[in-house]
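[1] The following comprises the amino acid sequence and a computationally predicted model.
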Amino acid sequence: MRSERPESPTASRKAEHLRINVERDVRGKGIENGFAGWRFAHRALPQIDLAEVDPSTELFGRRLSAPMLISCMTGGTVEAQQINERLARVAERHGLAMGLGSARALIEAPDLLETFDVRAAAPNVLLFANLGAVQLKKGYGIGECRRLVELLRADALVLHLNPLQEALQPEGDTCFRGLLAKIAELAAAAEFPVIVKEVGWGIAAPEVRALFDAGVAAVDVAGAGGTSWSEVERRRIGEPWRARVAASFCDWGIPTAQCLIEARTVAPKEPIFASGGITTGVEVAKALALGADLAGIAGPFLRAANAGEESADELARELLEELRVAMFCVGARRPDDLRGRLRSVS
């Protein structure tokens, strides 16, 4: 067992984030993910059998039962350990990819490893380690990133971009000048895939192109419409005036569907992931139809796993079945067959 010791400021903040996410409504207000503006062209004669539908795919050398990711959310606390282990077992059983929460706390306190380490529970899962990209401006480099990937036995490293969240935190790191060059340096030196994602406000098309030009292996546009970290920070800020500042950003960001469509105009062939407010298998299908190679879901899995492993397992089954039925009803045998099957209704 991990020895008793005072929590680092980073670990303490992560524990607070976890508590707020599972106990409070922290979705963005007045902004949606954009998928409601798109409808599938239903096929009364799909010309395939349901048994023919095969949503499986391969990514970074791992086989997935569907292009679906239990997205990055938590780590670094005792509570997070239980949630991560539950989610890892669910991902293993259902053939889903999994992302871990930010592992900065692990770099600061290596004895937190057991709160992140899920490989034994999920030996076949496509697993992403995770670190705030801004830490590359704070002295972290290829050595620290390589150590994270090795310790966690991960298949890739996700660097998350969260300038708004950092700006709202009294203790936030807001030195983003020159960060793209640091990402390029890491991508060039790394022997593992480097993925870049936002945390729920989206990545605009020019930045998507710039990131691929910098050498990253994939971009998760992580648009608005789901968890709003400005709402999370508002819940933990003690000073009323700072909380009001955070509240003014409750509808900030680029909706996920818009991010995805625009990203594909500048990166037609590169691996693009979509997350941000995706809650159903039908929305997963819509994301794939709009060009995503992988669809990520975070908040619903976090809350389900907090309730128990059975709840998370049931959610995975529901999502996979919704995706399979959606594919059947538009005559799509494979995920790529979903492309071009949506109609705009906005």
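    Now that the structure is in, tell me what you want to look at. Numbering: from 1, shown residues only.

[2] Quick one: the helices in the stretch 101-250 of the chain, in order.
    Counting by DSSP state H, counting those that start in this stretch, the stretch 101-250 of the chain has helices at residues 104-108, 113-116, 142-152, 163-168, 179-189, 205-213, 229-236, 240-247.

[3] so which of those gets nearest Thr57?
    Proximity to Thr57 (CB to CB) singles out helix 205-213 among these, at 20.0 Å. Where you see a C-beta, it was placed from the backbone N, CA and C, and this is true even at glycine.

[4] Who are the packing partners of the closest one?
    Helix 205-213 sits against helix 179-189, strand 218-220, helix 256-266, with contacts defined as 3 or more CB pairs under 8 Å, 6 or more residues apart in numbering; DSSP states H and E.

[5] Using neighbour counts, pick out the buried residues of the last one.
    By neighbour count, and taking 16 or more other CB atoms under 10 Å as the criterion, the buried residues in helix 256-266 are 256-264.

[6] hang on, the earlier thing: put together a markdown table for the helices of the stretch 101-250 of the chain, with mean pLDDT, mean neighbour count and distance to Leu18 on each row.
    Formatted as a markdown table, the helices of the stretch 101-250 of the chain follow (pLDDT from 0 to 100; neighbours: other CB atoms under 10 Å; distance: least, CB to CB, whole Å):
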| stretch | mean pLDDT | mean neighbour count | distance to Leu18 |
| --- | --- | --- | --- |
| helix 104-108 | 88 | 22 | 12 |
| helix 113-116 | 90 | 20 | 11 |
| helix 142-152 | 97 | 17 | 18 |
| helix 163-168 | 96 | 20 | 15 |
| helix 179-189 | 99 | 17 | 26 |
| helix 205-213 | 99 | 18 | 28 |
| helix 229-236 | 88 | 22 | 10 |
| helix 240-247 | 94 | 14 | 18 |
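
[7] quick one: which of those helices is nearest Leu288?
    Short answer: helix 205-213, nearest of the helices of the stretch 101-250 of the chain by CB to CB, at 17.5 Å.

[8] between the closest one and helix 256-266, how many degrees?
    60 degrees (axes from the mean of the first three to the mean of the last three CA atoms, to 10 degrees).

[9] Using CSV, write out every CA atom in helix 205-213.
    Extracted C-alpha coordinates of helix 205-213, given in CSV (Å, rounded to 0.1, in the frame of the first residue of the first chain):
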residue,chain,number,x,y,z
ALA,A,205,-8.6,24.2,-37.7
PRO,A,206,-5.4,26.3,-38.1
GLU,A,207,-4.1,24.8,-34.9
VAL,A,208,-5.0,21.3,-35.9
ARG,A,209,-2.9,21.8,-39.1
ALA,A,210,0.0,23.4,-37.1
LEU,A,211,0.0,20.4,-34.6
PHE,A,212,0.2,17.9,-37.4
ASP,A,213,3.0,19.9,-39.1
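
[10] now that helix against helix 179-189, angle please.
    Compare the direction of helix 205-213 with that of helix 179-189 by the same axes, to 10 degrees and you get 30 degrees.

[11] Export the helices and strands packed on helix 205-213 as TSV, with columns for distance to Thr227.
    Shown next, in TSV, are these (distance: least, CB to CB, whole Å):
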stretch	distance to Thr227
helix 179-189	23
strand 218-220	14
helix 256-266	12
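
[12] residue contacts, the nearest residue to Glu144 once chain neighbours are set aside?
    Nearest non-adjacent residue to Glu144, counting by CB to CB, 6 or more residues apart in numbering: Ile107, 5.7 Å away. Neighbour list for Ile107: 131, 140, 144, 147-148 [criterion: CB atoms under 8 Å, 6 or more residues apart in numbering].

[13] same deal with Glu191?
    By CB under 8 Å, 6+ apart, the contact set of Glu191 is Arg146.

[14] same question, Arg39
    By CB under 8 Å, 6+ apart, Arg39 lies in contact with 342-343, 345.

[15] How much space separates it from Leu290?
    12 Å (CB to CB, to the nearest Å).

[16] Out of the helices of the stretch 101-250 of the chain, which is closest to Ser275?
    Using CB to CB, the nearest of these to Ser275 is helix 229-236, at 13.2 Å.
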